[in-house]
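> sequence and predicted model, in that order:
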There are 2 protein chains.
Amino acid sequence: MKLKLISLPFEVRKHFVALSEEDSNDLGILSGDRVKISVRRKSIVAEIGIIPGMVKNGECAISRFLFPELEAEEGEVAEVSPVPKPRSFEHIKKKIMGGKLSKEEVYEIINDIASGSLNEVEIAAFVSASYMLKMDFDEIEWMTKAMIESGERITFERGTVVDKHSIGGVPGNKTALLVVPIIAASGLLIPKTASRAITSATGTADTFEVLANVNLTVDEIKEITERVGGVIAWSGATRLAPADDQLIHVEYILQMSPKPNMIASLLSKKASEGAKHVVIDIPVGEGSKVPSVDMGRELANNFVELGRRLGLNVFCALSYGGQPVGRAIGPALEAREALETLEKRKGSSSLIEKSLGLAGILLEMAGRSKNGYEDAKEIFTSGKAMEKMKEIIEAQGGEIFSYKDVPVGDKTYTLEAKKEGAIEAVYNKTLVKIARAAGAPKDKGAGVYIHKKRGEVVKEGDKILTIYAEKEWKLENAIDIALQEPAVEITGMILERFPSVRYLEGGT
Amino acid sequence: MKLKLISLPFEVRKHFVALSEEDSNDLGILSGDRVKISVRRKSIVAEIGIIPGMVKNGECAISRFLFPELEAEEGEVAEVSPVPKPRSFEHIKKKIMGGKLSKEEVYEIINDIASGSLNEVEIAAFVSASYMLKMDFDEIEWMTKAMIESGERITFERGTVVDKHSIGGVPGNKTALLVVPIIAASGLLIPKTASRAITSATGTADTFEVLANVNLTVDEIKEITERVGGVIAWSGATRLAPADDQLIHVEYILQMSPKPNMIASLLSKKASEGAKHVVIDIPVGEGSKVPSVDMGRELANNFVELGRRLGLNVFCALSYGGQPVGRAIGPALEAREALETLEKRKGSSSLIEKSLGLAGILLEMAGRSKNGYEDAKEIFTSGKAMEKMKEIIEAQGGEIFSYKDVPVGDKTYTLEAKKEGAIEAVYNKTLVKIARAAGAPKDKGAGVYIHKKRGEVVKEGDKILTIYAEKEWKLENAIDIALQEPAVEITGMILERFPSVRYLEGGT
């Protein structure tokens, strides 16, 4: 069918084309079907949307970004004809029916996800299949390799490249801001790519963005890492493993994070950035992603096995995830806490112990140390880590070099203890809810600071937590939540049966 | 957050709201998340779309159909706040994890699908779960009952209500146009609701629409059925089991038709229209939906069991589905063949035998006959069926009462045999492809007429099939397919090893 090309009045997604209802009927197609649009020798495949009243008969509205690809102008006539679903969708159905996918089938699925040839509803079927049926290790290996090959890769000319990643799920986890400068100061290379928050209060990329620019290209990551030893960059600004970004978007809508996809996603990014030794932090505990140590160990085995198949040296650290790491939650508050800890060479023990532990593992994995923890501690306490942090911030165009200069929200509210007792529980999920209501991660200065953590003793009137916000209405929303759903539970000392056990758990 | 209500410049779906990227960030929500929009005492829940450049900061664009529900005017200020996913989505995830759903959980899912509270990506997870994990009979029963209760229902004041339905998959299946008048002439009531084609060349509703109006309301279906004994109405024009229509849309995108959903869908419509005795036609054979007799029997048992649980008397007939029923494929061609057969009281044996068989089963089920086939044949050959057909057409506002007046496409092309032989195979899927390329079901006059069917002997130059179209370019597309993918296979007589066996199979 011949149709006149016009521009969509807005952007939906790139490969989207709107036709009139009548023309769609004439072509025998429905919303979600695909057409090939051809002008002279160029053609593209796009997905049909039928939006009553938007496009006239005889017209075909496409994204303005598609005109250059078609080498066509607005008003030109294109040949539009139906094309079948990509073959990769047949493979997804095969998986749903319980079949094992071949290497070629996995590659076709991942490549079609990366190129935008599969739509969200189709990707949802794939995510559901991985979520419920699992994949075997061959499939996971192929998926990871296909993800790596679908995007850009970094190759370093010199040095030993290592990286650290957390599977997430515990608030306040700003360890990357300590581990990266420690490792970079040791002489190893650490081109850390990090994500932004999706459902959490801040991601490592959001946090470091308070101090410096995290939107680095692959070339910038390479250049800065080779020059100063490390970066902290947002992975979304790169084209490292792009299929993964599409998958994560659908997983967000479905609130499902299938294990095969999660381990493939994480290691594909690390392999793409050229890392050879990777330590993975798996927070375990109530309110984190991994509730039990057994599940943590199983996941750790999966990471190690996938690493082996990719030629990556992987080590997993199970860490305590039952309450926040450190005391600050939210982009600026966390950046400030990390910088203050580096600067003063002391701070929250849960943050310092965990960071030194992870850095130490990397030093040992790369053969730089027999006692990694002690060597990491030496770099930290000597001030070399802080010096390196300043270099990294400067290399990434930042201008904040001291915790005293980190701006945080000026609207605050502090909750105080109404009775004497001991902190019985600190609820991760409620803290994240409060921090997000206060504006995090969008409002960088928003978040929560916890004055008292699990096991600590409080007297009536002691500060429990302070909410920070940039906007009054958001502060009020956050206070509402904090008053309705206690984030911290205090038990009367007399009723506390095992205070000593609780007191030691996890540190503060 | 306070936002000014504006109208969307086009309709996407009813519960869709567009915000600016910045306001969405401020609310901490992404595309696919939900917000509550409140104006004074009224509020609605809608799903967020973020379409860069379409909505300004401070604005909130909703469908114009939502203003009356909110009792608000354009330009008024609404309070917009995030709300979580409906609880029913948790139940879908439970199903995906292999759990059994409770009655309440099934009802919540179906009600949220019916009301538009679950989006396509979420429904895709549900469809994938039913497709891969099956449901047990309790779940199927609850799903069917929830579908029935989510919509309108017809209650007849008098008479015995019966119906006939085919699960589809075989082209040319216009038996409803014979069964409905035969049954109506017998004194039973048959308020047949039928679907339109989705992937086939025509649906019963498309076919009967050539002769009369099929867009009947529930009240019209009731009134006409009580007056003349039967109707053939499009189910999509009613509000019978509306959740089903949403499910079918997503199943179409996923090209999945999970068995639990299929049997629930079919019987929910029949129960909603008040039927007590239902005969289900299950075409079996290569190229149909059910390839083997064993699978047909299993499906039949499922229909009977679900019927028992709903208080419906269900009988299944396995029919031959390896080649088309009758000789015509496409809306007008099929309407003409059905009307010609009724008028002349003779025609294609496969069409007549199957229709009389199905009608006979209904007569016996309702206790009207000891030998249903013979009694149905008497109504057919006496001309009473044709008289009743005229009454039904007239009652539904039609004006075509003879096959001679049915208009078919005036652009035709006939394929002839290039050698002598016997028809070895007739390919359902290719015939449908040709008919759709020729314009069916949108162009009512388009389709295919098969002159020779399986087992028939042909001489060189004999007509094999004729393609009908309304538009020259569609005829050409259809010819291209017919020449590339033979719809009919002729084997040289000498090479044919079992011609007598083949010759008897399925009739013509």
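It's in.

> hey, where'd the helices end up in the stretch 351-500 of chain A?
Listed in chain order, the helices of the stretch 351-500 of chain A (DSSP state H, counting those that start in this stretch) span A:372-381, A:384-395, A:428-437, A:472-484, A:499-504.

> now do the stretch 151-300 of chain A
Going by DSSP H, counting those that start in this stretch, the stretch 151-300 of chain A shows helices at A:176-186, A:204-209, A:218-228, A:242-254, A:259-272, A:293-310.

> ok, back up a step: go through the helices of the stretch 351-500 of chain A and pick out the most buried.
Looking across those with neighbours counted as mean count of other C-beta atoms under 10 Å in any protein chain shown, the highest average goes to helix A:428-437: a mean of 24. Where C-beta positions appear, they are placed from N, C-alpha and C, glycine not excepted.

> what helices or strands is it leaning on?
If you count contacts as 3 or more C-beta pairs under 8 Å, 6 or more residues apart in numbering or on different chains; DSSP states H and E, helix A:428-437 packs onto strand A:328-329, strand A:447-450, strand A:463-469, helix A:472-484.

> and it, average pLDDT?
Helix A:428-437 comes out with an average pLDDT of 94.

> can you list contacts of that helix?
Contact with helix A:428-437 is made by A:169-171, A:199-202, A:287-288, A:321-324, A:329-330, A:446-448, A:450, A:465, A:467, A:474, A:477-478, A:480-482, A:485-487, B:28, as judged by C-beta atoms under 8 Å, 6 or more residues apart in numbering or on different chains.

> of all the helices of the stretch 151-300 of chain A, which one is nearest chain B?
When those are compared by C-beta to the nearest C-beta, helix A:242-254 sits nearest chain B, at 4.3 Å.

> list the contacts for the residue at minimal distance from the centre of chain A?
Nearest to the geometric centre of chain A sits A:Ser195, at 3.3 Å (C-alpha atoms, centre = their mean). By C-beta under 8 Å, 6+ apart, the contact set of A:Ser195 is A:203-205, A:234-236.

> per-residue confidence for it?
A:Ser195 is given a pLDDT of 90.

> and if you look at A:Ser355?
A:Ser355 carries a pLDDT score of 96 in this model.

> with adjacent residues omitted, what lies nearest to it?
Take A:Ser355 and drop its neighbours on the chain: the residue closest to it by C-beta to C-beta, 6 or more residues apart in numbering or on different chains is A:Leu178, 3.7 Å away.

> contact residues of the stretch 351-500 of chain A facing chain B?
A:436-437, A:439, A:442, A:473 (C-beta under 8 Å from any C-beta of the partner chain).

> redo that, cut-off 6 Å
A:436, A:442 (C-beta under 6 Å from any C-beta of the partner chain).

> how close does A:Asn173 sit to A:Pro331?
13 Å (C-beta to C-beta, to the nearest Å).

> so who does the residue of the stretch 301-450 of chain A found nearest chain B touch?
Across the stretch 301-450 of chain A, the shortest distance to chain B (C-beta to the nearest C-beta) belongs to A:Lys442, at 4.5 Å. By C-beta atoms under 6 Å, 6 or more residues apart in numbering or on different chains, the residues touching A:Lys442 are B:Asn25.

> go again using 10 Å as the cut-off
For A:Lys442, the contacting residues are A:197, A:206, A:331, A:436, A:470, A:474, B:22, B:24-28, by C-beta atoms under 10 Å, 6 or more residues apart in numbering or on different chains.
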